[in-house]
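Chemist: sequence? don't have it. structure:
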Ligand code: GLA
(Lines give C-alpha, C1' and ligand atoms only; values in the text may rest on other atoms or scores of the structure.)
Protein backbone atom coordinates (compact mmCIF):
# COMPACT_ATOMS: atom_id res chain seq x y z
CA UNK A 1 0.00 0.00 0.00
CA UNK A 2 2.79 2.35 1.08
CA UNK A 3 4.57 1.59 -2.20
CA UNK A 4 1.48 2.58 -4.26
CA UNK A 5 1.04 5.75 -2.31
CA UNK A 6 4.67 6.66 -2.98
CA UNK A 7 4.20 6.01 -6.73
CA UNK A 8 1.04 8.14 -6.82
CA UNK A 9 2.85 10.87 -4.90
CA UNK A 10 5.81 10.81 -7.31
CA UNK A 11 3.48 10.93 -10.35
CA UNK A 12 1.63 13.90 -8.91
CA UNK A 13 4.89 15.63 -8.15
CA UNK A 14 6.18 15.07 -11.69
CA UNK A 15 2.95 16.36 -13.26
CA UNK A 16 2.90 19.44 -11.08
CA UNK A 17 6.52 20.27 -11.76
CA UNK A 18 5.95 19.79 -15.48
CA UNK A 19 2.89 22.01 -15.38
CA UNK A 20 4.78 24.62 -13.42
CA UNK A 21 7.62 24.45 -15.90
CA UNK A 22 5.19 24.74 -18.81
CA UNK A 23 3.22 27.65 -17.40
CA UNK A 24 6.34 29.27 -16.06
CA UNK A 25 7.96 29.11 -19.50
CA UNK A 26 4.78 30.34 -21.10
CA UNK A 27 4.56 33.23 -18.68
CA UNK A 28 8.11 34.36 -19.36
CA UNK A 29 7.49 34.09 -23.12
CA UNK A 30 4.42 36.31 -22.76
CA UNK A 31 6.34 38.76 -20.63
CA UNK A 32 9.08 38.88 -23.20
CA UNK A 33 6.65 39.51 -26.09
CA UNK A 34 4.95 42.22 -24.06
CA UNK A 35 8.23 43.79 -23.03
CA UNK A 36 9.35 44.26 -26.64
CA UNK A 37 6.14 45.83 -27.93
CA UNK A 38 7.15 49.49 -27.75
CA UNK A 39 10.90 49.59 -28.30
CA UNK A 40 10.48 53.19 -29.46
CA UNK A 41 7.74 55.60 -28.35
CA UNK A 42 4.40 54.59 -29.95
CA UNK A 43 3.21 56.83 -32.79
CA UNK A 44 -0.33 57.17 -34.04
CA UNK A 45 -3.55 59.15 -33.84
CA UNK A 46 -6.22 59.37 -31.16
CA UNK A 47 -9.80 60.56 -31.58
CA UNK A 48 -10.25 62.41 -28.28
CA UNK A 49 -8.62 65.85 -28.67
CA UNK A 50 -10.50 66.75 -31.83
CA UNK A 51 -13.65 64.64 -31.84
CA UNK A 52 -14.48 63.78 -28.21
CA UNK A 53 -17.53 61.53 -28.30
CA UNK A 54 -18.40 62.36 -31.92
CA UNK A 55 -16.86 59.24 -33.35
CA UNK A 56 -18.08 56.58 -35.74
CA UNK A 57 -16.69 53.95 -38.06
CA UNK A 58 -16.90 56.16 -41.15
CA UNK A 59 -14.74 58.79 -39.47
CA UNK A 60 -12.24 56.18 -38.31
CA UNK A 61 -11.97 54.72 -41.81
CA UNK A 62 -11.49 58.17 -43.32
CA UNK A 63 -8.81 58.99 -40.75
CA UNK A 64 -7.11 55.70 -41.61
CA UNK A 65 -7.13 56.62 -45.29
CA UNK A 66 -5.82 60.10 -44.51
CA UNK A 67 -3.03 58.66 -42.38
CA UNK A 68 -1.82 56.80 -45.44
CA UNK A 69 -2.51 59.47 -48.09
CA UNK A 70 -0.95 62.32 -46.10
CA UNK A 71 2.38 60.53 -45.70
CA UNK A 72 1.93 60.19 -41.94
CA UNK A 73 2.08 56.41 -42.13
CA UNK A 74 5.28 56.64 -44.10
CA UNK A 75 6.68 59.01 -41.49
CA UNK A 76 6.13 56.33 -38.82
CA UNK A 77 2.60 56.78 -37.46
CA UNK A 78 1.04 53.41 -36.80
CA UNK A 79 -1.90 53.27 -34.35
CA UNK A 80 -5.42 54.56 -34.95
CA UNK A 81 -6.78 54.83 -31.42
CA UNK A 82 -10.51 55.10 -30.69
CA UNK A 83 -10.87 56.92 -27.39
CA UNK A 84 -13.93 57.05 -25.12
CA UNK A 85 -17.55 56.58 -26.28
CA UNK A 86 -17.45 53.52 -28.52
CA UNK A 87 -19.09 51.29 -25.87
CA UNK A 88 -22.73 51.34 -24.73
CA UNK A 89 -23.29 48.48 -22.29
CA UNK A 90 -22.76 44.79 -21.55
CA UNK A 91 -24.81 41.80 -22.64
CA UNK A 92 -26.13 39.05 -20.34
CA UNK A 93 -22.75 37.30 -20.38
CA UNK A 94 -20.97 40.51 -19.51
CA UNK A 95 -19.51 41.04 -22.99
CA UNK A 96 -18.92 44.67 -23.84
CA UNK A 97 -21.30 46.04 -26.49
CA UNK A 98 -20.04 48.32 -29.23
CA UNK A 99 -22.39 51.20 -30.06
CA UNK A 100 -24.37 49.73 -32.98
CA UNK A 101 -25.35 53.16 -34.30
CA UNK A 102 -21.82 54.51 -34.60
CA UNK A 103 -20.12 51.23 -35.44
CA UNK A 104 -22.76 49.23 -37.34
CA UNK A 105 -20.22 46.77 -38.69
CA UNK A 106 -18.60 46.16 -35.32
CA UNK A 107 -15.05 46.45 -34.12
CA UNK A 108 -13.65 43.43 -35.93
CA UNK A 109 -14.60 44.86 -39.32
CA UNK A 110 -12.97 48.16 -38.43
CA UNK A 111 -9.84 46.40 -37.21
CA UNK A 112 -9.70 44.45 -40.47
CA UNK A 113 -9.99 47.67 -42.46
CA UNK A 114 -7.24 49.40 -40.47
CA UNK A 115 -5.00 46.34 -40.76
CA UNK A 116 -5.62 46.14 -44.51
CA UNK A 117 -4.00 49.60 -44.76
CA UNK A 118 -0.94 48.43 -42.84
CA UNK A 119 -1.96 50.24 -39.66
CA UNK A 120 -3.01 49.10 -36.18
CA UNK A 121 -6.10 49.58 -34.05
CA UNK A 122 -6.13 51.07 -30.57
CA UNK A 123 -9.08 51.12 -28.23
CA UNK A 124 -9.96 52.77 -24.91
CA UNK A 125 -11.30 51.54 -21.61
CA UNK A 126 -11.09 52.40 -17.96
CA UNK A 127 -9.90 50.74 -14.75
CA UNK A 128 -13.01 52.08 -13.02
CA UNK A 129 -16.54 50.80 -13.39
CA UNK A 130 -17.38 53.72 -15.70
CA UNK A 131 -15.25 55.56 -18.23
CA UNK A 132 -14.76 59.32 -17.98
CA UNK A 133 -17.79 59.77 -20.23
CA UNK A 134 -19.93 57.40 -18.16
CA UNK A 135 -19.65 54.39 -20.47
CA UNK A 136 -18.99 50.91 -19.04
CA UNK A 137 -15.44 50.54 -17.73
CA UNK A 138 -13.52 47.29 -17.29
CA UNK A 139 -13.54 46.92 -13.51
CA UNK A 140 -14.45 43.28 -12.83
CA UNK A 141 -14.28 42.41 -16.55
CA UNK A 142 -10.58 42.83 -17.24
CA UNK A 143 -9.85 39.32 -18.52
CA UNK A 144 -13.10 39.06 -20.47
CA UNK A 145 -12.48 42.45 -22.11
CA UNK A 146 -8.86 41.64 -22.94
CA UNK A 147 -9.93 38.42 -24.65
CA UNK A 148 -12.58 40.32 -26.55
CA UNK A 149 -10.08 42.95 -27.73
CA UNK A 150 -7.78 40.16 -28.91
CA UNK A 151 -10.64 38.56 -30.86
CA UNK A 152 -11.42 41.84 -32.56
CA UNK A 153 -7.78 42.36 -33.50
CA UNK A 154 -6.99 45.27 -31.19
CA UNK A 155 -3.30 46.21 -30.97
CA UNK A 156 -3.24 48.96 -28.33
CA UNK A 157 -5.25 49.76 -25.20
CA UNK A 158 -5.47 53.14 -23.51
CA UNK A 159 -6.74 52.53 -19.98
CA UNK A 160 -8.20 55.45 -18.01
CA UNK A 161 -8.77 56.14 -14.31
CA UNK A 162 -12.23 57.68 -13.88
CA UNK A 163 -14.73 56.14 -11.40
CA UNK A 164 -11.85 54.19 -9.90
CA UNK A 165 -13.68 53.92 -6.58
CA UNK A 166 -10.53 54.24 -4.48
CA UNK A 167 -8.71 51.29 -6.02
CA UNK A 168 -4.97 51.06 -5.70
CA UNK A 169 -3.65 52.23 -9.08
CA UNK A 170 -0.75 49.82 -9.30
CA UNK A 171 -2.96 46.82 -8.49
CA UNK A 172 -5.68 47.95 -10.92
CA UNK A 173 -3.25 48.44 -13.80
CA UNK A 174 -1.42 45.20 -13.02
CA UNK A 175 -4.69 43.28 -13.31
CA UNK A 176 -5.32 44.59 -16.82
CA UNK A 177 -1.67 44.10 -17.70
CA UNK A 178 -1.91 40.44 -16.65
CA UNK A 179 -5.07 40.08 -18.69
CA UNK A 180 -3.42 41.55 -21.78
CA UNK A 181 -0.34 39.38 -21.40
CA UNK A 182 -2.42 36.22 -21.67
CA UNK A 183 -5.12 37.40 -24.08
CA UNK A 184 -3.45 35.78 -27.08
CA UNK A 185 -2.51 38.94 -28.98
CA UNK A 186 0.29 41.47 -28.50
CA UNK A 187 -1.39 44.64 -27.21
CA UNK A 188 0.46 47.81 -26.26
CA UNK A 189 -0.74 49.01 -22.86
CA UNK A 190 -1.11 52.75 -22.34
CA UNK A 191 -1.62 53.70 -18.69
CA UNK A 192 -3.73 56.82 -18.28
CA UNK A 193 -4.00 57.65 -14.57
CA UNK A 194 -2.75 61.20 -15.09
CA UNK A 195 0.45 60.73 -13.08
CA UNK A 196 -1.49 60.68 -9.79
CA UNK A 197 0.30 57.71 -8.20
CA UNK A 198 3.64 58.44 -9.90
CA UNK A 199 3.32 55.47 -12.27
CA UNK A 200 6.87 56.02 -13.54
CA UNK A 201 7.94 54.43 -10.24
CA UNK A 202 5.97 51.19 -10.66
CA UNK A 203 4.70 50.87 -14.23
CA UNK A 204 7.77 49.59 -16.07
CA UNK A 205 6.80 46.07 -17.15
CA UNK A 206 3.14 46.78 -16.34
CA UNK A 207 2.50 49.10 -19.27
CA UNK A 208 4.50 50.62 -22.11
CA UNK A 209 3.65 54.26 -21.50
CA UNK A 210 2.09 56.19 -18.67
CA UNK A 211 0.47 59.58 -18.60
CA UNK A 212 2.29 62.05 -16.40
CA UNK A 213 -0.22 64.91 -16.16
CA UNK A 214 -3.83 65.97 -16.46
CA UNK A 215 -5.30 66.32 -19.97
CA UNK A 216 -3.55 68.56 -22.46
CA UNK A 217 -5.23 71.76 -23.66
CA UNK A 218 -4.55 73.39 -26.99
CA UNK A 219 -2.46 76.18 -25.47
CA UNK A 220 1.19 77.02 -24.92
CA UNK A 221 1.09 77.71 -21.20
CA UNK A 222 -2.15 77.51 -19.27
CA UNK A 223 -3.58 75.72 -16.29
CA UNK A 224 -7.26 75.15 -15.70
CA UNK A 225 -8.81 74.62 -12.27
CA UNK A 226 -10.38 71.42 -13.49
CA UNK A 227 -7.05 69.97 -14.55
CA UNK A 228 -6.17 70.90 -18.15
CA UNK A 229 -2.56 71.84 -18.84
CA UNK A 230 -0.66 73.47 -21.71
CA UNK A 231 2.51 72.52 -23.55
CA UNK A 232 5.03 74.21 -21.23
CA UNK A 233 3.25 72.93 -18.13
CA UNK A 234 3.65 69.40 -19.43
CA UNK A 235 7.29 69.92 -20.40
CA UNK A 236 8.00 71.10 -16.85
CA UNK A 237 6.14 68.16 -15.33
CA UNK A 238 8.01 65.58 -17.42
CA UNK A 239 11.44 67.26 -17.29
CA UNK A 240 12.77 65.51 -14.21
CA UNK A 241 11.43 62.07 -15.09
CA UNK A 242 14.18 61.27 -17.59
CA UNK A 243 15.59 58.36 -15.63
CA UNK A 244 12.32 56.46 -16.00
CA UNK A 245 12.09 56.51 -19.80
CA UNK A 246 13.66 53.92 -22.05
CA UNK A 247 12.86 51.28 -24.66
CA UNK A 248 9.51 49.68 -23.78
CA UNK A 249 8.59 52.17 -21.05
CA UNK A 250 7.89 55.81 -21.80
CA UNK A 251 6.75 58.93 -20.03
CA UNK A 252 3.58 59.87 -21.91
CA UNK A 253 3.50 63.65 -22.30
CA UNK A 254 -0.12 63.47 -23.61
CA UNK A 255 -1.54 63.48 -27.09
CA UNK A 256 -0.62 66.16 -29.59
CA UNK A 257 -2.65 69.28 -30.30
CA UNK A 258 -0.73 70.20 -33.46
CA UNK A 259 -3.21 71.36 -36.10
CA UNK A 260 -6.15 72.00 -33.75
CA UNK A 261 -5.92 75.77 -34.08
CA UNK A 262 -5.27 76.99 -30.53
CA UNK A 263 -1.57 77.76 -30.95
CA UNK A 264 0.65 79.56 -33.44
CA UNK A 265 2.90 77.76 -35.91
CA UNK A 266 5.96 78.44 -33.74
CA UNK A 267 4.18 77.10 -30.67
CA UNK A 268 3.18 73.92 -32.48
CA UNK A 269 6.77 73.50 -33.66
CA UNK A 270 7.88 73.86 -30.03
CA UNK A 271 5.22 71.35 -28.94
CA UNK A 272 6.35 68.77 -31.50
CA UNK A 273 10.07 69.41 -30.97
CA UNK A 274 9.85 69.10 -27.22
CA UNK A 275 7.76 65.92 -27.37
CA UNK A 276 10.44 64.45 -29.62
CA UNK A 277 13.23 65.58 -27.31
CA UNK A 278 11.35 63.97 -24.42
CA UNK A 279 11.06 60.67 -26.32
CA UNK A 280 7.32 61.00 -25.78
CA UNK A 281 4.73 58.97 -27.68
CA UNK A 282 3.56 60.94 -30.72
CA UNK A 283 -0.21 60.62 -30.93
CA UNK A 284 -1.64 63.16 -33.34
CA UNK A 285 -4.96 64.56 -32.15
CA UNK A 286 -6.18 66.62 -35.10
CA UNK A 287 -8.42 66.00 -38.10
CA UNK A 288 -6.04 64.26 -40.50
CA UNK A 289 -8.57 64.61 -43.34
CA UNK A 290 -8.26 68.36 -43.56
CA UNK A 291 -4.69 69.17 -42.54
CA UNK A 292 -3.05 72.15 -44.15
CA UNK A 293 0.52 72.12 -45.43
CA UNK A 294 1.84 73.76 -42.27
CA UNK A 295 0.39 71.06 -40.04
CA UNK A 296 1.60 68.14 -42.12
CA UNK A 297 5.06 69.67 -42.33
CA UNK A 298 5.18 69.64 -38.54
CA UNK A 299 3.64 66.23 -37.89
CA UNK A 300 5.59 64.47 -40.61
CA UNK A 301 8.98 66.09 -40.08
CA UNK A 302 11.12 62.98 -40.40
CA UNK A 303 14.27 64.57 -39.01
CA UNK A 304 12.49 65.53 -35.80
CA UNK A 305 10.67 62.19 -35.63
CA UNK A 306 14.04 60.43 -35.92
CA UNK A 307 15.08 62.15 -32.69
CA UNK A 308 11.92 60.94 -30.94
CA UNK A 309 12.31 57.42 -32.30
CA UNK A 310 16.02 57.08 -31.70
CA UNK A 311 16.77 53.53 -30.57
CA UNK A 312 18.78 54.59 -27.54
CA UNK A 313 15.48 55.73 -26.06
CA UNK A 314 16.92 58.51 -23.93
CA UNK A 315 14.73 61.33 -22.77
CA UNK A 316 16.34 64.76 -23.13
CA UNK A 317 17.56 66.61 -20.10
CA UNK A 318 17.19 70.29 -19.39
CA UNK A 319 20.88 70.85 -19.62
CA UNK A 320 20.86 74.63 -19.09
CA UNK A 321 18.09 76.53 -17.39
CA UNK A 322 18.53 80.25 -17.78
CA UNK A 323 15.02 81.12 -16.72
CA UNK A 324 13.29 82.22 -19.89
CA UNK A 325 15.79 80.40 -22.09
CA UNK A 326 16.62 76.74 -21.85
CA UNK A 327 18.92 74.28 -23.59
CA UNK A 328 17.84 70.67 -23.81
CA UNK A 329 20.07 67.80 -24.93
CA UNK A 330 19.24 64.24 -25.98
CA UNK A 331 22.02 61.72 -26.69
CA UNK A 332 21.34 59.63 -29.78
CA UNK A 333 22.33 56.07 -30.62
CA UNK A 334 25.16 56.76 -33.06
CA UNK A 335 27.15 59.02 -30.78
CA UNK A 336 25.26 62.07 -32.05
CA UNK A 337 23.19 64.44 -30.00
CA UNK A 338 20.02 66.46 -30.46
CA UNK A 339 19.99 69.90 -28.89
CA UNK A 340 16.95 72.13 -28.52
CA UNK A 341 17.13 75.80 -27.57
CA UNK A 342 13.75 76.70 -26.08
CA UNK A 343 12.62 80.29 -25.89
CA UNK A 344 9.84 80.46 -23.30
CA UNK A 345 9.29 84.20 -23.73
CA UNK A 346 7.02 85.87 -26.25
CA UNK A 347 9.87 87.84 -27.82
CA UNK A 348 12.86 86.93 -29.93
CA UNK A 349 15.97 85.25 -28.46
CA UNK A 350 19.08 86.41 -30.29
CA UNK A 351 21.12 83.27 -29.78
CA UNK A 352 24.90 83.45 -29.98
CA UNK A 353 26.03 80.11 -28.69
CA UNK A 354 29.59 79.02 -28.12
CA UNK A 355 29.57 75.22 -28.31
CA UNK A 356 32.92 74.92 -26.60
CA UNK A 357 31.49 76.56 -23.54
CA UNK A 358 29.41 73.82 -22.03
CA UNK A 359 27.74 71.22 -24.21
CA UNK A 360 30.54 68.68 -23.82
CA UNK A 361 29.74 68.21 -20.14
CA UNK A 362 26.46 66.61 -21.06
CA UNK A 363 27.16 63.93 -23.61
CA UNK A 364 30.20 61.81 -22.99
CA UNK A 365 30.34 60.67 -26.63
CA UNK A 366 30.37 64.21 -27.93
CA UNK A 367 33.76 65.84 -27.51
CA UNK A 368 33.47 69.37 -28.77
CA UNK A 369 37.12 70.14 -27.98
CA UNK A 370 38.57 67.24 -29.87
CA UNK A 371 36.17 67.00 -32.80
CA UNK A 372 34.20 69.28 -35.01
CA UNK A 373 30.48 68.60 -35.38
CA UNK A 374 28.08 69.66 -38.07
CA UNK A 375 25.10 71.58 -36.70
CA UNK A 376 21.95 70.69 -38.61
CA UNK A 377 18.74 72.67 -38.26
CA UNK A 378 15.99 70.04 -38.12
CA UNK A 379 13.21 72.45 -39.08
CA UNK A 380 14.99 74.19 -41.95
CA UNK A 381 16.47 70.85 -43.03
CA UNK A 382 19.89 72.31 -43.59
CA UNK A 383 23.32 72.47 -42.01
CA UNK A 384 23.86 75.83 -40.34
CA UNK A 385 27.54 75.61 -39.47
CA UNK A 386 29.74 73.59 -37.20
CA UNK A 387 30.64 73.55 -33.54
CA UNK A 388 33.95 75.25 -34.41
CA UNK A 389 32.19 78.61 -34.46
CA UNK A 390 29.30 80.17 -32.57
CA UNK A 391 25.76 79.40 -33.72
CA UNK A 392 23.94 82.66 -34.24
CA UNK A 393 20.21 82.39 -34.65
CA UNK A 394 17.08 84.37 -34.13
CA UNK A 395 14.63 82.19 -32.22
CA UNK A 396 11.09 83.58 -32.28
CA UNK A 397 9.03 84.06 -29.12
CA UNK A 398 7.66 80.69 -27.88
CA UNK A 399 9.88 79.07 -30.51
CA UNK A 400 12.83 76.71 -30.65
CA UNK A 401 15.99 76.00 -32.55
CA UNK A 402 16.30 72.24 -32.75
CA UNK A 403 19.56 70.85 -34.12
CA UNK A 404 21.43 67.61 -34.47
CA UNK A 405 25.17 67.45 -34.00
CA UNK A 406 27.02 64.85 -36.03
CA UNK A 407 30.74 64.33 -36.46
CA UNK A 408 31.94 66.45 -39.36
CA UNK A 409 33.13 64.31 -42.24
CA UNK A 410 36.66 65.09 -43.29
CA UNK A 411 37.02 66.40 -46.81
C1 LIG B 1 -9.75 61.37 -19.60
C2 LIG B 1 -8.44 61.12 -20.33
C3 LIG B 1 -8.50 61.73 -21.71
C4 LIG B 1 -9.66 61.12 -22.50
C5 LIG B 1 -10.95 61.30 -21.73
C6 LIG B 1 -12.10 60.54 -22.35
O7 LIG B 1 -9.95 62.70 -19.35
O8 LIG B 1 -7.37 61.65 -19.61
O9 LIG B 1 -7.30 61.54 -22.42
O10 LIG B 1 -9.40 59.78 -22.72
O11 LIG B 1 -10.83 60.85 -20.38
O12 LIG B 1 -13.27 60.58 -21.61
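Modeler: Thanks, I have the structure now. Keep in mind that what you see is a predicted model, and the values were worked out from it rather than measured.

Chemist: any idea how far the ligand is from the closest residue to residue 372 other than its chain neighbours?
Modeler: Using C-beta to C-beta, 6 or more residues apart in numbering and skipping the chain neighbours, the partner closest in space to residue 372 is residue 408 (4.4 Å). Bear in mind the C-beta positions are built from the backbone N, C-alpha and C, glycine included. For residue 408, the distance to the ligand (C-beta to the nearest ligand atom, to the nearest Å) stands at 44 Å.

Chemist: let me know how buried residue 408 is, in neighbour terms.
Modeler: By other C-beta atoms under 10 Å, the residues close to residue 408 number 15.

Chemist: isn't residue 395 up against residue 344?
Modeler: No: assessed by C-beta atoms under 8 Å, residue 395 is found out of contact with residue 344, at 10.6 Å.

Chemist: what parts of this protein come near the ligand?
Modeler: 48, 83-84, 131-133, 160, 192, 215 (C-beta under 6 Å from any ligand atom).

Chemist: and those as JSON lines, adding neighbour count, pLDDT and secondary structure?
Modeler: Shown next, in JSON lines, are the residues of the chain next to the ligand (neighbours: other C-beta atoms under 10 Å; pLDDT from 0 to 100; DSSP: H, G, I helix; E, B strand; the rest coil):
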{"residue": "48", "neighbour count": "22", "pLDDT": "98", "secondary structure": "helix"}
{"residue": "83", "neighbour count": "25", "pLDDT": "98", "secondary structure": "coil"}
{"residue": "84", "neighbour count": "21", "pLDDT": "98", "secondary structure": "coil"}
{"residue": "131", "neighbour count": "24", "pLDDT": "98", "secondary structure": "coil"}
{"residue": "132", "neighbour count": "19", "pLDDT": "98", "secondary structure": "coil"}
{"residue": "133", "neighbour count": "16", "pLDDT": "98", "secondary structure": "coil"}
{"residue": "160", "neighbour count": "25", "pLDDT": "98", "secondary structure": "strand"}
{"residue": "192", "neighbour count": "26", "pLDDT": "98", "secondary structure": "coil"}
{"residue": "215", "neighbour count": "17", "pLDDT": "96", "secondary structure": "coil"}
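
Chemist: leaving out chain neighbours, which residue sits closest to the residue of the stretch 151-300 of the chain found nearest the ligand?
Modeler: Taking C-beta to the nearest ligand atom as the measure, the stretch 151-300 of the chain has residue 215 as its residue closest to the ligand, at 4.7 Å. For residue 215, ignoring the flanking residues on the chain, the nearest one in space by C-beta to C-beta, 6+ apart is residue 228 at 5.4 Å.

Chemist: make sure the one you found is actually in contact with residue 221.
Modeler: No: Residue 228 lies out of contact with residue 221 (C-beta under 8 Å); the separation is 11.8 Å.

Chemist: give me the residues contacting stretch 241-251.
Modeler: Stretch 241-251 is contacted from outside by 35-42, 200-201, 203-205, 207-210, 212, 238, 278-281, 311, 313-317, using C-beta atoms under 8 Å, 6 or more residues apart in numbering.

Chemist: for the closest residue to residue 129 other than its chain neighbours, list the residues it contacts.
Modeler: Residue nearest to residue 129 in three dimensions, not counting chain neighbours: residue 139, with 4.5 Å by C-beta to C-beta, 6+ apart. By C-beta under 8 Å, 6+ apart, the residues touching residue 139 are 126-129, 163-165, 167, 172.

Chemist: out of those residues, which are buried?
Modeler: 126-129, 163-164, 167, 172 (16 or more other C-beta atoms under 10 Å).

Chemist: what residues are up against the residue of the stretch 101-250 of the chain found nearest the ligand?
Modeler: Here the stretch 101-250 of the chain gets closest to the ligand at one residue, residue 132, 3.2 Å apart by C-beta to the nearest ligand atom. Neighbour list for residue 132: 84, 126, 160, 162 [criterion: C-beta under 8 Å, 6+ apart].

Chemist: identify the residue spatially nearest to it, adjacent ones excluded.
Modeler: Leaving aside its sequence neighbours, residue 132 sits nearest to residue 162 (C-beta to C-beta, 6+ apart; 3.9 Å).

Chemist: could you name the specific helix or strand carrying residue 26?
Modeler: Assignment of secondary structure by DSSP states H and E places residue 26 within helix 2-35.

Chemist: mean confidence score for that helix?
Modeler: Average pLDDT, helix 2-35: 63.

Chemist: stretch 145-154 too?
Modeler: On average, the pLDDT along stretch 145-154 is 98.
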